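> Give me coordinates for this.
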Amino acid sequence: MDNKDKMATSAKGLKLMIAGLIVMASGFLLLSGGGSDDPQVFNYAMFDFRRLVAAPLVIVAGIVLEVIAIMGKFGK
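Numbering: from 1, shown residues only. Below you'll find the predicted structure:
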């Protein structure tokens, strides 16, 4: 079998890549919202724990999963 017929990553690596993308997308969903309909009214909901702490941690966890999926050696 030639090298051109082989995939660059294994099936486990691909599953980890998809999981990392899902984790990062959920982190970006956690960042959404908190805006105000009236621009004259300040909304303190923008600065809650979910948007300042939880969402960035979830996004970084997704990036770590992506790095592990790309750099990790899986297989036989």
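
> At the geometric centre of the chain, which residue sits there?
residue 24 (1.4 Å; Cα atoms, centre = their mean).

> Residue 66 and residue 18 touch, don't they?
No - the criterion here is Cβ atoms under 8 Å, and residue 66 misses it with residue 18 at 10.0 Å. Backbone N, C-alpha and C define where each C-beta goes, glycine included.

> re earlier: give the contact list for the residue nearest to the centre of the chain.
58, 59, 62, 63, 66 (Cβ atoms under 8 Å, 6 or more residues apart in numbering).

> do that again at 7 Å, thanks
Applying Cβ atoms under 7 Å, 6 or more residues apart in numbering to residue 24 gives the contacts 59, 62, 63.

> top helix in the chain by residue count?
Looking across the chain with DSSP state H, the single longest helix is helix 11-31.

> Over that one, what's the mean pLDDT, rounded is fine.
Mean pLDDT, computed over helix 11-31, is 94.

> i'd like the first residue to be 51 from this point on
Happy to do that; since the first residue is 51 now, the last one works out to helix 61-81.

> Give me the distance between residue 91 and residue 106.
Residue 91 is 26 Å from residue 106, where distance means Cβ to Cβ, to the nearest Å.

> okay, those two: which has more neighbours?
Ranked by neighbour count (other Cβ atoms under 10 Å), residue 91 and residue 106 place residue 106 first, with 13 against 7.

> returning to what we had before: which of residue 116 and residue 68 has more residues huddled nearby?
More crowded of residue 116 and residue 68, by other Cβ under 10 Å: residue 116, with 17 against 12.

> could you say which helix or strand contains that one?
helix 105-121 (DSSP states H and E).

> buried residues in that helix?
Buried residues in helix 105-121, counted by 16 or more other Cβ atoms under 10 Å: 105, 108, 109, 112, 115, 116, 119.
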